[in-house]
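Asker: Generate coordinates for the sequence data below:
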Amino acid sequence: MKTAAFSPALETVRVLLSTSDPEAVAWEMQQVQLAITRRAYELFQIRGGEHGHDWEDWFRAESELIRPVSIAIAVSLDRVSVRANVLGFTADDLKLAIEPQSLLIVGRRASESKARAKFDAYPDQIMKRIDLPASVLPEAAVVELQAGVLKFELPRSAPLAAASPGV
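Answerer: Alright, predicted model coming up:
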């Protein structure tokens, strides 16, 4: 009988996460938005104060400071499931808040070696507000981080009744 060798590279670690106070996470988001505002104004000044490019400046500032986060949402009769790609961030890097109608995610990666940063073109912070398609119960949520994916299982506050077959 052969036994398989243990390979830590193939093991995926699941970490259950706790959430923070929504007001504290919203304050963190405001700090990131202020940094974006400052950078957009710097871009405006670099261009000599030329008007008419405010959106361009804002989007460039966001792309320089915020890593994009792709999400997927699934809704069933009794729950809302959300997946967010936060690859490269650890549980310690993330602050999360769950409200009945939305999720807030803020993350700041600990600085890494210059060799690693040279190959990673993405910014070291994330900020995402996710509006939910149904009202949920924040206190009953289960949140975990596994293989760079943040998983939210959110019970709906008012589960839908299953449609009864027609007669």
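Asker: beta partners for the residue most central in space within the chain?
Answerer: The chain has Ile105 as the residue nearest its centroid, 4.3 Å off, counting by C-alpha atoms, centre = their mean. With DSSP bridges as the criterion, Ile105 is bridged to Leu96, Lys128.
Asker: ok, it touching Ile126?
Answerer: Yes. Using C-beta atoms under 8 Å, Ile105 makes contact with Ile126 at a distance of 6.4 Å. C-beta: built from backbone N, CA, C; applies to glycine.
Asker: what residues do those two have in common as contacts?
Answerer: By C-beta atoms under 8 Å, 6 or more residues apart in numbering, Ile105 and Ile126 have these common neighbours: Val69, Val86.
Asker: helices or strands up against the helix or strand harbouring Glu64?
Answerer: Using DSSP states H and E, Glu64 sits within helix 54-65. If you count contacts as 3 or more C-beta pairs under 8 Å, 6 or more residues apart in numbering; DSSP states H and E, helix 54-65 packs onto helix 22-46.
Asker: by contact count, what packs against the helix it packs on?
Answerer: helix 54-65, strand 94-99, strand 102-108, strand 125-131.
Asker: Show me how far that helix is from its chain's centre.
Answerer: Offset of helix 22-46 from its chain centre (C-alpha atoms, centre = their mean, to the nearest Å): 17 Å.
Asker: for stretch 89-107, same thing?
Answerer: 6 Å.
Asker: ditto for stretch 20-33
Answerer: 13 Å.
Asker: Name the helix or strand of this protein that has the lowest mean pLDDT.
Answerer: Between all helices and strands in the chain, the lowest mean by mean pLDDT, DSSP states H and E belongs to helix 114-119, at a mean of 46.
Asker: Quickly note the distance from Val32 to Ser76.
Answerer: Distance, Val32 to Ser76, by C-beta to C-beta, to the nearest Å: 32 Å.
Asker: higher neighbour count, these two?
Answerer: Higher neighbour count among Val32 and Ser76: Val32, with 18 against 11, using other C-beta atoms under 10 Å.
Asker: right, so of the helices and strands packed on helix 22-46, which gets closest to Val142?
Answerer: Proximity to Val142, assessed across the helices and strands packed on helix 22-46 by C-beta to C-beta, is greatest for strand 94-99 (10.4 Å).
Asker: Residues in contact with the closest one: which ones?
Answerer: With contacts defined as C-beta under 8 Å, 6+ apart, strand 94-99 is touched by 17, 19-22, 24-26, 28, 86, 103-107, 136, 138, 141, 143, 145, 150, 152, 154.
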